[in-house]
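*Asks:* make a model of this:
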Amino acid sequence: MSKAAREIPATRFSARMSACQDAIAERKFGALLIGVGPDLRYLTGFVGEPMERLILLVVPAQGPVSFVVPHLEAAKAEATPLAASGHARIVPFEETDDAFALTARLLADADSTGSHGAQPIGLSDRLWAMHVLGLQAALPNSRFGPASTVLRDLRQVKDADEMRLL
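*Replies:* Have a look, this model is predicted:
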């Protein structure tokens with residue numbers, strides 16, 4: 001866990017996720033798929049390096065948030081403030097599993113409206129091309145857009161703890 005995550009109260013991560021899901025719905029997105037980088041750290045407290053194995057926070061407009069991680073990263077993901085507070089379930093996968101198909105199933109399960117594919121899915125700006133291409137193949141009827149469209153306004157407003165860390 002990053003130093004910043006330790007200095008920001010765990011409850012703040014839950015509040016961020018709630019605001020994120022509200023913003024997803026307001027901007028008419030179906031979900032956000034957030035890979036390793038600043039957005040993932042902001043929403044969960046997870047700090048990691050991008051790798052060939054998918055690490056992805058699946059944030060539907062409504063419903064449970066899932067953290068898709070390689071089995072070897074599961075303990076690290078469980079220790080994040082968001083997961084430790086019960087606001088994200090950890091979904092580990094094995095080396096031979098198809099993480100992209102797993103992500104597609106999670107999105108389908110969260111889609112209570114039946115509008116799968118009608119609303120765009122926001123992808124984090126720093127998601128590697130190999131992961132974007134894998135997601136496109138697993139979600140062939142989906143439209144994709146930048147997650148920053150949703151997260152930009154949330155991340156611009158700094159609370160007292162964040163201001164202290166600047």
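*Asks:* could you pull out the strands for the protein?
*Replies:* Shown for the chain, the strands assigned by DSSP state E span residues 31-34, 56-60, 66-70, 89-93, 121-123, 144-146.
*Asks:* show me how far the fifth one is from its chain's centre.
*Replies:* Read that as strand 121-123. 10 Å (CA atoms, centre = their mean, to the nearest Å).
*Asks:* just checking, what packs against that strand?
*Replies:* Counting contacts by 3 or more CB pairs under 8 Å, 6 or more residues apart in numbering; DSSP states H and E, strand 121-123 packs against strand 31-34, helix 129-138, strand 144-146, helix 148-156. Backbone N, C-alpha and C define where each C-beta goes, glycine included.
*Asks:* need the residues that contact the first one.
*Replies:* Outside of strand 31-34, the residues within contact range by CB atoms under 8 Å, 6 or more residues apart in numbering are 20, 24, 40, 43, 56-61, 103, 107, 110, 121-124, 127, 135, 147, 150-151.
*Asks:* centroid-nearest residue for this structure?
*Replies:* For the chain, the residue nearest the mean C-alpha position is Leu57 (2.6 Å; CA atoms, centre = their mean).
*Asks:* how far away is the residue lying closest to it once chain neighbours are set aside from Ala101?
*Replies:* Spatial nearest neighbour of Leu57, chain neighbours left out: Ile34 (4.2 Å); criterion: CB to CB, 6 or more residues apart in numbering. Counting by CB to CB, to the nearest Å, the gap from Ile34 to Ala101 is 19 Å.
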